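Enquirer: Below are the sequence and a predicted model; questions follow.
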Amino acid sequence: MLFSERNKLNNIDEIMHIDDLTPDLEQALGNSLFKITEMIDYRETVGNNLLNYFANDFLMELLNQRPTDDRYYDPIRLCEFLINEINKKIELDNSWYIYYDAIEFASEWIITNSLYTRQELCETIFEYTNEKMAKYNSGFRISEILEFVPITDEISINAIASTQETIFEQARNHIRKALNSLRDKKSPDYNSVIRESINAVESCLKVLVNNESLTLGGAIRELKKSHPNIDTEFLQPFNEIYGRISNDGIRHANGSAENVKHANDAEAILILTTCSALINYLSNQYKSVQTAK
């Protein structure tokens, strides 16, 4: 791994995409749309033209376009046509979110027209779509009611980015490692994300109490004595997380595989964003103390 790859912290949006789409995400969402279009085709009977009804509703209601005069009897050709129209709209007004809208619209269209139940549709696209959303670091997941929901938000992303300006050097390094583990699209290491995030918090507390030998719990107890301006009640949940991930084998990278719980993407992002917010809080409190001296 080159120096730039080891040390560069890319824009957080490149790690969790909340206001753009990568080509990989476009393709994954396009594949989900095809799966839905294929389901419509399964319900085709002579003379009912379901694919064409869907195509025209899609164009008029979602893309605000005139209906097409073409006739589609093949879900592959129809999906290629719809994706082409989606891409035209994105190029026109940068409405990157239209792919997400397309999945929700197509899902609701199937349910409204009584072709499948919500549960049947969910069984077809839920697992595939969320697997791809996680693989390509989308900031959204599709819920069981077939609507995309955020797994993070702009405030959380800004909190992560702000850690790179903290006065705590070791914390910056730990968060960089966490982000690198999250960035690996082929095999993201969610346990490493959690481990590095908690270690980042622990490193801040050690600096504050000027004692590198303490664990997180010991540092919290010492902090209560030495820094009365910091409300240590905020820190107790992190002590509980510290204990939990120790018991689960996550905190130690060399834990035996059979005893290690494997975290998922949602858990990793939750811990990363929460720890980042705490690091920023501790940094601001430390600066206040130093300014008052």
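Expert: In hand now; what should we look at? Numbers count the residues shown, from 1 in each chain.

Enquirer: so where's the chain shaky on pLDDT?
Expert: 1-15, 45-48, 184-186, 252-260, 289, 292-293 (pLDDT under 70).

Enquirer: residue boundaries of the helices in it?
Expert: 3-7, 23-42, 50-57, 75-93, 98-112, 118-135, 154-162, 169-183, 190-209, 216-226, 236-247, 265-292 (DSSP state H).

Enquirer: quick one: buried residues of the third one?
Expert: Applying a neighbour-count criterion of 16 or more other Cβ atoms under 10 Å, the buried positions in helix 50-57 are Leu50, Leu51, Asn52, Phe54, Ala55, Asn56, Asp57. (Each C-beta comes from the backbone N, C-alpha and C, glycine too.)

Enquirer: Hmm, the last one is touching Ile110, no?
Expert: It stands for Asp57. No. If you go by Cβ atoms under 8 Å, Asp57 and Ile110 don't touch, sitting 11.1 Å apart.

Enquirer: so which of the helices of the chain is the most packed in?
Expert: helix 190-209 (a mean of 24; mean count of other Cβ atoms under 10 Å).

Enquirer: other SSEs contacting that helix?
Expert: helix 169-183, helix 216-226, helix 236-247, helix 265-292 (3 or more Cβ pairs under 8 Å, 6 or more residues apart in numbering; DSSP states H and E).

Enquirer: so which of the ones you listed gets nearest Ser203?
Expert: Of all the helices and strands packed on helix 190-209, it is helix 169-183 that lies closest to Ser203, at 3.8 Å by Cβ to Cβ.

Enquirer: Export only the CA atoms of the closest one, formatted as CSV.
Expert: Taking C-alpha atoms only, helix 169-183 is exported to CSV below (Å, rounded to 0.1, in the frame of the first residue of the first chain):
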residue,chain,number,x,y,z
GLU,A,169,-3.1,12.8,17.3
GLN,A,170,-3.6,9.1,18.2
ALA,A,171,-7.4,9.5,17.9
ARG,A,172,-7.0,10.9,14.4
ASN,A,173,-4.9,7.9,13.4
HIS,A,174,-7.4,5.4,14.9
ILE,A,175,-10.3,7.0,13.0
ARG,A,176,-8.2,6.9,9.8
LYS,A,177,-7.7,3.2,10.3
ALA,A,178,-11.4,2.8,11.0
LEU,A,179,-12.3,4.6,7.7
ASN,A,180,-9.8,2.5,5.8
SER,A,181,-11.4,-0.7,7.1
LEU,A,182,-14.8,0.7,6.1
ARG,A,183,-13.5,1.8,2.7
